[in-house]
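# Predicted model and sequence follow; I will ask about them next.
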Amino acid sequence: EAQVTQNPRYLITVTGKKLTVTCSQNMNHEYMSWYRQDPGLGLRQIYYSMNVEVTDKGDVPEGYKVSRKEKRNFPLILESPSPNQTSLYFCASTAWIRGNTDTQYFGPGTRLTVL
Amino acid sequence: AQKITQTQPGMFVQEKEAVTLDCTYDTSDQSYGLFWYKQPSSGEMIFLIYQGSYDEQNATEGRYSLNFQKARKSANLVISASQLGDSAMYFCAMFQGAQKLVFGQGTRLTINP
């Protein structure tokens, strides 16, 4: 079954404690990205990756890091989380063919609370 | 900058009626893609329909169709014969500059029995 998995699904942590949210896809997609969803603001892109070892900033990258060492994995790293990073996070992937995209598959979401 | 606008924060519709959710976009790109997603109260993002900027026909997927008017830069979602399970948040999105997906603010649709 084609899917994007994220872990953990729920996380409560404290300010400053480094954390990683994992994301994995089994569709051999080139393009992966991370979004955060906040009430009244919709979904905003944090980082994206066009392929292995190629990452770039989205609209709200401050306070986040990513890496793309393997095609299937795209972890999101919060080196020093702060309360304003409390949000619902989504990982997504899509095939990328000659500048056109197809369906973007979303993971189930990770609800993060930073105290 | 590319932008997606959904002007209806909330809509209430009787079951079995058709409903149109509005979406307008702004882009200077010639090649772009438009998406609609459904987000039920459980939180997951469910892909509904996709329209490419060069597609000549409006996209359809079962009860969902996309009314694409390129000159007016609108991509409205039409749901025929609405069902109670259609109650959810709906997001319009556009693939921007071949790099990132930009979302609208969303419309909360409530289907009344």
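Ah, there it is.

# And for A:Pro75, the neighbour number?
The tally of other residues near A:Pro75 (other C-beta atoms under 10 Å in any protein chain shown) stands at 18. For the C-beta atoms, the positions are set from N, CA and C on the backbone; glycine is no exception.

# which strand is the longest one in chain B?
strand B:88-96 (DSSP state E).

# in its sheet, what does the following helix or strand past that strand sit against?
Following strand B:88-96 in sequence order, the next helix or strand is strand B:100-103 (DSSP states H and E). Here strand B:100-103 has these sheet partners by DSSP bridges: strand B:88-96 (antiparallel).

# from chain A, which residue is nearest to chain B?
A:Phe106 (3.8 Å; C-beta to the nearest C-beta).

# Find the nearest non-adjacent residue to that residue, please.
B:Met45 (3.8 Å; C-beta to C-beta, 6 or more residues apart in numbering or on different chains).

# show me what contacts that neighbour?
A:90, A:92, A:106, A:109, B:37-39, B:91 (C-beta atoms under 8 Å, 6 or more residues apart in numbering or on different chains).

# Repeat the analysis, applying 10 Å as the threshold.
A:4, A:35, A:37, A:43, A:90, A:92, A:104-109, B:37-39, B:89, B:91, B:93, B:103 (C-beta atoms under 10 Å, 6 or more residues apart in numbering or on different chains).

# cool, B:Ser74 as well?
B:Ser74 neighbours (C-beta under 10 Å, 6+ apart): B:5, B:22-25, B:34, B:66-68, B:92.

# Now A:Phe74. Nearest residue, chain neighbours left out?
Per C-beta to C-beta, 6+ apart, closest to A:Phe74 is A:Met32, 4.1 Å.

# Tell me the secondary structure at the one you found.
At A:Met32 the chain is in strand, as set by DSSP: H, G, I helix; E, B strand; the rest coil.

# For it, give the beta-bridge partners.
A:Ser49, A:Ser93.

# can you count the residues close to it?
29.

# how close does the closest residue in space to B:Gln14 that isn't next to it in sequence sit to B:Trp36?
Excluding its sequence neighbours, the residue lying closest to B:Gln14 (C-beta to C-beta, 6+ apart) is B:Asn112, at 5.5 Å. Distance from B:Asn112 to B:Trp36, counting by C-beta to C-beta, to the nearest Å: 22 Å.

# C-terminal to the helix-or-strand element of chain B with minimal mean pLDDT, what's the next element?
Sorted by mean pLDDT, DSSP states H and E, the helices and strands of chain B end with strand B:100-103, the least confident at a mean of 83. Per DSSP H and E, the first helix or strand lying C-terminal to strand B:100-103 is strand B:107-112.

# quick one: buried residues of that next one?
B:107, B:109, B:111 (16 or more other C-beta atoms under 10 Å in any protein chain shown).

# Now render those as CSV, adding pLDDT and distance to A:Lys18.
Shown next, in CSV, are the buried residues of strand B:107-112 (pLDDT from 0 to 100; distance: C-beta to C-beta, whole Å):
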residue, pLDDT, distance to A:Lys18
B:Thr107, 96, 37
B:Leu109, 97, 39
B:Ile111, 97, 44
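
# Please identify which of these is nearest to chain A.
Looking across the buried residues of strand B:107-112 and measuring by C-beta to the nearest C-beta, the closest to chain A is B:Thr107, at 10.9 Å.

# looking at the sheet around that closest one, what are its partners?
Bridge pairing for B:Thr107 - DSSP bridges - gives B:Tyr90.

# any idea how far B:Ser87 lies from chain A?
18 Å (C-beta to the nearest C-beta, to the nearest Å).

# Right, I'll call it a day here.
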